[in-house]
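S.K.: sequence plus predicted model, see below.
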Amino acid sequence: MRGLVLAGIGLPLALFLSGCTAVPLTEAGTLTSYSQLSPAKGKFTKSRSFVDGQRLATVRTIAVMPATFSFYAASRIKAEQDRRLVANALDRAVCVALSDKYELVAPGQRADLTVRAVVTDIVPTNKTIAGVSTAVSLGSSLALPVGIPRLPAGLGGLAVEAEAIDRSGSQLAAVVWSKGANSITNNARVSEVGDAYSLAASFGKYFSRILIVGKEPKGPDVSLPSGQRIKSALGGKPKYAACDAFGRSPGLAGVIADKVGAPPQWTDRQR
C-alpha cells in the first residue's frame, strides 16, 4: 500500500514535469502598439504586458468586443463552432471578471474603454489520446489512492494578444500571452479545443486582473471570488446584460463534463 501511495504522488509530479505543451508568444500585428510591452516572462505561462494604471483609474465603463482569430489560428481549427466556443469562453471570462469593478456596456455604446482580443495560435488537443487519458484516469481512481493524471501527450495550447484602448484610440493596457496545457491541472476533454477552451478562460481572468488592479499581476490570484462571479460561474444571470452576449457558464454540468472528459460543446450553450 505504501508503494501505491508513493507511486500516486511521484507519478503526477513526473508527468507534470514532462507533460506540458510549449506554446511560443505570437504576434499577429493586431495591437495598436507593441513598443511598450515588457520583456517576455514566465516558463509555463508566457507573457509580455503593458498597463497604464494611472489612466485606468479614471475608467468607469468598458465594452468588450467579440474575440477574433488570426488567419493562422483559424486554420488550425477548422470547425467554426469550435472556434466560437473558445472565443466565447474568453470573452465571458473577461466580461464577468471586469464586472467586479467596471460597468460593462455592449459594443457600439459609449464606453471609456474598449477591450479586444485576438487568438493568435491554437495547438489542437488530440481527441484520441484525450479519450484514452480520461479512461485511464477514471479507471485508476478506483484502484489507487490518487488517480493517474492524463497522459503527457496530445496536449493542446493557446496564444492570445489583447489590448484596451480609450475613446481617443490610445492604448492603456496590452498583453501578448501563451500557455500550454499540462497533465495535472488540465483535464483531458475529447475535443480539438478541449484544452484551448479552458485556457481561454484562464487568459480572460489574467487580462481582466491587469485592468482591475492597474498593474502586472505578481503571482497567482488567491483572492476569493465575488458574489457576482460565483453566480455567473454557476450559470446564473451576469451582473450586466452586455455579458449575456457571450452565453452563460455551463455551471455544475460543465464541471462534471470536464471531469469525465466530455466535449465542451455538450454543455456550453452559446449565443
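M.R.: Yes, it's here.
S.K.: please enumerate the helices of the protein.
M.R.: 2-18, 53-56, 71-76, 80-98, 127-140, 194-213, 227-233, 251-260 (DSSP state H).
S.K.: tabulate those helices (JSON lines), appending mean neighbour count.
M.R.: All C-beta atoms are positioned from the backbone trio N, CA, C, and that covers glycine. Conversion of the helices of the chain to JSON lines gives the following (neighbours: other Cβ atoms under 10 Å):
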{"stretch": "helix 2-18", "mean neighbour count": "12"}
{"stretch": "helix 53-56", "mean neighbour count": "15"}
{"stretch": "helix 71-76", "mean neighbour count": "14"}
{"stretch": "helix 80-98", "mean neighbour count": "23"}
{"stretch": "helix 127-140", "mean neighbour count": "17"}
{"stretch": "helix 194-213", "mean neighbour count": "24"}
{"stretch": "helix 227-233", "mean neighbour count": "17"}
{"stretch": "helix 251-260", "mean neighbour count": "15"}
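S.K.: now for those, which one comes closest to Ile184?
M.R.: Nearest of the helices of the chain to Ile184, taken as Cβ to Cβ: helix 2-18 at 4.5 Å.
S.K.: about what we covered before: for the helices of the chain, give me a markdown table that also has distance to Asn186.
M.R.: Shown next, in a markdown table, are the helices of the chain (distance: least, Cβ to Cβ, whole Å):
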| stretch | distance to Asn186 |
| --- | --- |
| helix 2-18 | 11 |
| helix 53-56 | 31 |
| helix 71-76 | 18 |
| helix 80-98 | 14 |
| helix 127-140 | 10 |
| helix 194-213 | 6 |
| helix 227-233 | 18 |
| helix 251-260 | 9 |
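S.K.: poorly predicted segments of the stretch 51-200 of the chain, please.
M.R.: 136-147 (pLDDT under 70).
S.K.: which ones are touching the residue lying closest to Pro24 once chain neighbours are set aside?
M.R.: Leaving aside its chain neighbours, Pro24 sits nearest to Ser178 (6.3 Å; criterion: Cβ to Cβ, 6 or more residues apart in numbering). Contact analysis of Ser178 by Cβ atoms under 8 Å, 6 or more residues apart in numbering lists Val23, Pro24, Leu25, Thr26, Thr45, Lys46, Ser47, Asp121, Gly157, Leu158, Ala159, Val160.
S.K.: need the buried ones from the residues you listed selected in PyMOL.
M.R.: The buried subset of the contacts of Ser178, as determined by 16 or more other Cβ atoms under 10 Å, is captured in PyMOL by this line:
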select buried, resi 23+25+26+45+46+47+121+157+158+159+160
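S.K.: strands - which of the contacts of Ser178 land there?
M.R.: Thr45, Lys46, Ser47, Asp121, Gly157, Leu158, Ala159, Val160 (DSSP state E).
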